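>>> Pasting the sequence and the predicted coordinates here, then a few questions.
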Amino acid sequence: MRSGTLRRRMQRLALGLRLGNLHIRSRRMKVKLRMLGRRREALMQDIARLQTAVTEPTADTGVAVSHAPDAPIWIHAPWRAGSTYVWSKFRAQDRYLAFYEPFHEVLEGLTRDDIARSTSASWPSGHPLLQAPYYQEYSGLLNPGGGVRGFQFTFPYAHYLANEAPLREQQAYLRALVEYAQAQGRRPVFGFCRSLGRVPWFKRYMPGVHIALTRDGLGLWRSAIDRQARYGDTYFLTRPFMILFAGRHDAWITAYLADLGLANLAYHSDMGRATRAAERLVAADPDLTARAFAAVFALAITIAQRHCDLTIPVETLSTLAGRRALNATLIGRFNIAIDWQDCRIPVYAARPEDSAFLGYWERALIHAEVCHEAWLQEAGARDPRTPAAAPVPVSRGQVARRILTEPG
């Protein structure tokens, strides 16, 4: 009798545990479905916005924008957002002289041998097959002992979030590249992965067409950590630390980082020391790595999409509607014609282990919106040349609805 009662109790307990497990799995599945639904909704909104730009060419800025047919084209993107693909599309046309990564640290000591070795087949990049080495366009701009003329070691990271200082050496370097292309009768194009956080500086000092190429936050994060898992490559995870270690930031950005608990990271003027410190942190503190990654790119994307002439969420290039709308805008407004038919950008489904990063991403976006808006108001009052935009109230709910597919 007692044995039968105990057995029934054990069966009920086992059944209860199974039901509880099913309930937990059901809740996780509902969360995933909500995430996917929000990601799809945000992407459809991006496509609709591009379609609107076809019929209302000035809707994204609120003012008429006029660019000369041969104006320089500046492409600003985070790492792992398809910038090499987009840059290569311009490079394939003879009318353009397309410079790859004008702020890449390798340019400090670049030689002809380095150029020859740096090809899309020399490392597992996932980049499209290129007909020439990455840095071929710099071959006529090298110093006798190596290095691109005018390039300085501070360009890649120390000024990544600097928008208020004139940085005259940086101006001179970029203008020399523009003049080099124009002297050959070609339209200069620049594909950056180290300029996204300083687009207001570019808008002030570097005239032309400014395009922000963006990707949702989860896509950026998963692309970076998947490379670490597959190849042991931590480069794209260390870049946010490099920006935080080397940067001399504007005051409002220092306040933003303090709000997110990232203001106390050590400053390193030596790039080798900064690189080693970043690699140690990535290996030792995955949580801090995720927080730094979210903070840097949420801020940079927030800045860029408010100041560029056009924002292109790269995921929309994988859709027919997105390609058509974008091409109409590029041709009509900027005299740019590109074939995007072969674009295939994956959209990642959120996993339970992504929840911590997505939480950091949401918080960073909220702080970035608020801090950036305050800076616009202050900078606009202080200097009328600052490209300030009208205030756009953003509620926490509006930001939260965007976080899973945040295009910029």
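Right, received. Where do you want to start?
>>> Spit out the contact partners of Leu260.
Leu260 makes contacts with 291, 295, 363-364, 367, as judged by C-beta atoms under 8 Å, 6 or more residues apart in numbering. C-beta coordinates here come from the backbone N, C-alpha and C atoms, glycine included.
>>> tally of neighbours for Ile111?
Ile isn't right for residue 111; it's Thr. 14 (other C-beta atoms under 10 Å).
>>> so what's it up against?
142, 146.
>>> and the helix or strand hosting Gln182, how far out from the chain's middle?
If you go by DSSP states H and E, Gln182 is part of helix 168-183. Put simply, helix 168-183 sits 24 Å off its chain's centre (C-alpha atoms, centre = their mean, to the nearest Å).
>>> Stretch 205-220 too?
Distance, centroid of stretch 205-220 to centroid of chain: 6 Å (C-alpha atoms, centre = their mean).
>>> buried ones in it?
Neighbour-count burial for stretch 205-220, counted by 16 or more other C-beta atoms under 10 Å, picks out 205-206, 208-220.
>>> what distance separates the helix or strand where Arg324 lies from the centre of its chain?
For Arg324, the enclosing helix or strand under DSSP H and E is helix 320-334. Centre-to-centre, helix 320-334 and its host chain are 21 Å apart (C-alpha atoms, centre = their mean).
>>> name the helices or strands packed onto that helix?
Helix 320-334 sits against helix 2-55, strand 310-313, with contacts defined as 3 or more C-beta pairs under 8 Å, 6 or more residues apart in numbering; DSSP states H and E.
>>> Least confident of the ones you listed, on average?
Note on the helices and strands packed on helix 320-334: lowest mean pLDDT is at helix 2-55, with a mean of 58.
>>> Tell me which strands the very next helix or strand once past it pairs with, and in which orientation.
Per DSSP H and E, the first helix or strand lying C-terminal to helix 2-55 is strand 73-76. Using DSSP bridges, strand 73-76 pairs in its sheet with strand 187-192 (parallel), strand 209-214 (parallel).
>>> so Asp287 touches Phe357, yeah?
No: with contacts counted by C-beta atoms under 8 Å, Asp287 stays clear of Phe357, the gap being 9.6 Å.
>>> Between these two, tell me which one has more neighbours.
Phe357 (23 against 10).
>>> can you pull the buried residues of the helix or strand harbouring the more buried one?
Secondary structure from DSSP H and E places Phe357 in helix 355-382. Residues of helix 355-382 classed as buried by neighbour count (16+ other C-beta under 10 Å): 357-358, 360-373, 375-376, 379-380.
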